[in-house]
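Trainee: Below is the sequence, then the predicted model.
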Amino acid sequence: MDTNLIIEILGFIQRFVNTVFPIFTWGLIIYIFSSWVPGLRESAFGQILGKVYEPILEPFRKLIPPIGGMLDLSPIIAILVLNLFLRGLNAIFNAVIIAMY
């Protein structure tokens, strides 16, 4: 396979991930704030968000239970971990692309 084609594919994947991640993060923030609006989590939109974000938040909730039964810090930790993952992924993509030149 041509090296330039591989670099273009990797660049496309990197740009795609960097475009989707902020959308995903804003969806998580909307899901967090939906707990403050009565009835929003029970709506169809809230249920869709729950199906997307609850499996991601569950491992963080096992590690960090809600403080005082009310304050849930797991979404903040999830956003930080996902952000670190994105930075690491970008570093890997950049290293591979540079190595291929």
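Mentor: Perfect, thanks for sending it.
Trainee: Quick check: mean pLDDT of stretch 70-79?
Mentor: Stretch 70-79 shows an average pLDDT of 91 in the prediction.
Trainee: Tell me the gap between it and the middle of its chain.
Mentor: A distance of 13 Å separates the C-alpha centroid of stretch 70-79 from that of its chain, computed with CA atoms, centre = their mean, to the nearest Å.
Trainee: Between the two ends of that stretch, what distance do you get?
Mentor: Terminal residues of stretch 70-79 lie 19 Å apart, using CA to CA, to the nearest Å.
Trainee: residues in contact with it?
Mentor: 25, 28-29, 31-32, 56-57, 60-61, 63-64, 66-67 (CB atoms under 8 Å, 6 or more residues apart in numbering). Every C-beta, even on glycine, is put in place using the N, C-alpha and C of the backbone.
Trainee: what about burial for the residues you listed, which qualify?
Mentor: Neighbour-count burial (16 or more other CB atoms under 10 Å) applied to the contacts of stretch 70-79 gives Leu28, Tyr31, Ile32, Ile56, Leu57, Phe60, Arg61.
Trainee: Reformat those as TSV; add distance to Asp2, pLDDT and secondary structure.
Mentor: Formatted as TSV, those follow (distance: CB to CB, whole Å; pLDDT from 0 to 100; DSSP: H, G, I helix; E, B strand; the rest coil):
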residue	distance to Asp2	pLDDT	secondary structure
Leu28	38	95	helix
Tyr31	42	93	helix
Ile32	45	91	helix
Ile56	37	94	helix
Leu57	42	95	helix
Phe60	42	94	helix
Arg61	46	92	helix
